[in-house]
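A.B. asks: Requesting a structural model of the entry that follows:
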Amino acid sequence: MEYVIIFFTGILATTLGTLAGGGGLISLPMMLLLGMPVHSAIGANKVSNTVSSFSSFYHLYRQKKISFKECYWIIPVSLLGGISGGFIASLLSEDGLYIVAIILLLFAFITSIIGKRDFSGENPLVPSRLSIPGLYGIGIYDGLFGPGQGTLMFYLFAFLKVDYIRAVAYVRLATFSSCVGAATMYISSGKIMWGLTLTLLCGSVIGAQIGVRVAEMLKPSYIKPILRVVTLAIIVQVLLENIF
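C.D. replies: Numbering: from 1, shown residues only. Have a look, this model is predicted:
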């Protein structure tokens, strides 16, 4: 029965994660509720996101929504961030991970409230003093903890005035890259419970394809309210887990 629950959790979580980030808000608590150790649950997310995020990126690439030439540099930056985060995670306690999550998510939420930028811009994504450190830092966070990583990236791309559908593609490519690095660290540490992880992966691939097709139909004006709701939900979840 737990395999069925994990499969459908993967579908739901990755559909949400593709649209606005925050898929870990659903998948991580569910895996913990089923009794998976926290590092194994995070590792399962990393492995499944590696495949599902690339599948949704490839769909948008095949539809010519983006070109690889404009975003190839995301891969090494996010990969290095994921490896760094996966290594740091092995040194930190669960409480330390929760504190990092709360600080970053509160910062993102406050920024979204006071900022006026949305996904109506058409700027190209280029390596810069903001985009490279931003992607690397979020990659570290993805390797460290995970839930909220995609949401933080959406905020970054909105600030950089990138339109929504291209932001979805960039987020999925960056997620793939950081998860390759993080998953490598979790696999090498022997934390992966492969049965549940592969079940989550199968559901996540389906969810990624659902999410990316819904994203193509969404108007940019809908995205900021969705991001704020997701961000608040993640903050509440992390606070409750840390308190109780």
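A.B. asks: Tell me which residues touch residue 213, please.
C.D. replies: Contacts for residue 213 (Cβ atoms under 8 Å, 6 or more residues apart in numbering) come out as residue 59. Glycine gets a C-beta too; all of them are placed from N, C-alpha and C.
A.B. asks: any idea how far it lies from residue 189?
C.D. replies: 36 Å (Cβ to Cβ, to the nearest Å).
A.B. asks: Kindly report the same for residue 153.
C.D. replies: Residue 153 is 25 Å from residue 189, by Cβ to Cβ.
A.B. asks: what ranges do the strands span in this protein?
C.D. replies: Under the criterion DSSP state E, strands are not mapped anywhere in the chain.
A.B. asks: So which helix or strand of it has the lowest pLDDT on average?
C.D. replies: Least confident helix or strand of the chain, by mean pLDDT, DSSP states H and E, is helix 94-114 with a mean of 68.
A.B. asks: mind checking pLDDT for the residue nearest in space to the middle of the chain?
C.D. replies: The residue lying closest to the centre of the chain (Cα atoms, centre = their mean) is residue 150, at 3.4 Å. pLDDT, residue 150: 84.
A.B. asks: ok, it - contacts?
C.D. replies: Residue 150 touches 17, 18, 20, 21, 22, 23, 171, 175, counting by Cβ under 8 Å, 6+ apart.
A.B. asks: show me the contacts for the second one.
C.D. replies: Under the criterion of Cβ under 8 Å, 6+ apart, the contact partners of residue 18 comprise 56, 150, 168, 172, 207, 208, 210, 211, 212, 214, 215.
A.B. asks: so how far is residue 18 from the second one?
C.D. replies: Spelled out, that is residue 150. Residue 150 is 8 Å from residue 18, where distance means Cβ to Cβ.
A.B. asks: With the fourth one instead?
C.D. replies: Distance check for residue 172 against residue 18: by Cβ to Cβ, it reads 7 Å.
A.B. asks: Next, show the common contact partners of these two.
C.D. replies: Common neighbours of residue 172 and residue 18 (Cβ under 8 Å, 6+ apart) are 56, 208, 212.
A.B. asks: thinking again about what came up before, filter the contacts of residue 150 down to the ones in helices?
C.D. replies: With helices taken from DSSP state H, the overlap with the contacts of residue 150 comprises 17, 18, 20, 171, 175.
A.B. asks: For these, which two are the farthest from each other?
C.D. replies: Of all pairs drawn from these, the greatest distance, 12.8 Å, lies between 20 and 175 (Cβ to Cβ).
A.B. asks: Compare those two (neighbour count), which wins?
C.D. replies: residue 175 (33 against 25; other Cβ atoms under 10 Å).
A.B. asks: Tell me who's in contact with the more buried one.
C.D. replies: By Cβ under 8 Å, 6+ apart, the contact set of residue 175 is 49, 53, 78, 142, 149, 150, 153.
A.B. asks: Switch those over to TSV; also include distance to residue 28.
C.D. replies: Below are these laid out as TSV (distance: Cβ to Cβ, whole Å):
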residue	distance to residue 28
49	11
53	16
78	20
142	12
149	11
150	13
153	17
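A.B. asks: between those residues, which has the most around it?
C.D. replies: Busiest of the contacts of residue 175 [other Cβ under 10 Å] is residue 149, holding 35 neighbours.
A.B. asks: Let me see the contact set for it.
C.D. replies: 21, 24, 138, 141, 142, 175, 178 are the contacts of residue 149 under Cβ under 8 Å, 6+ apart.
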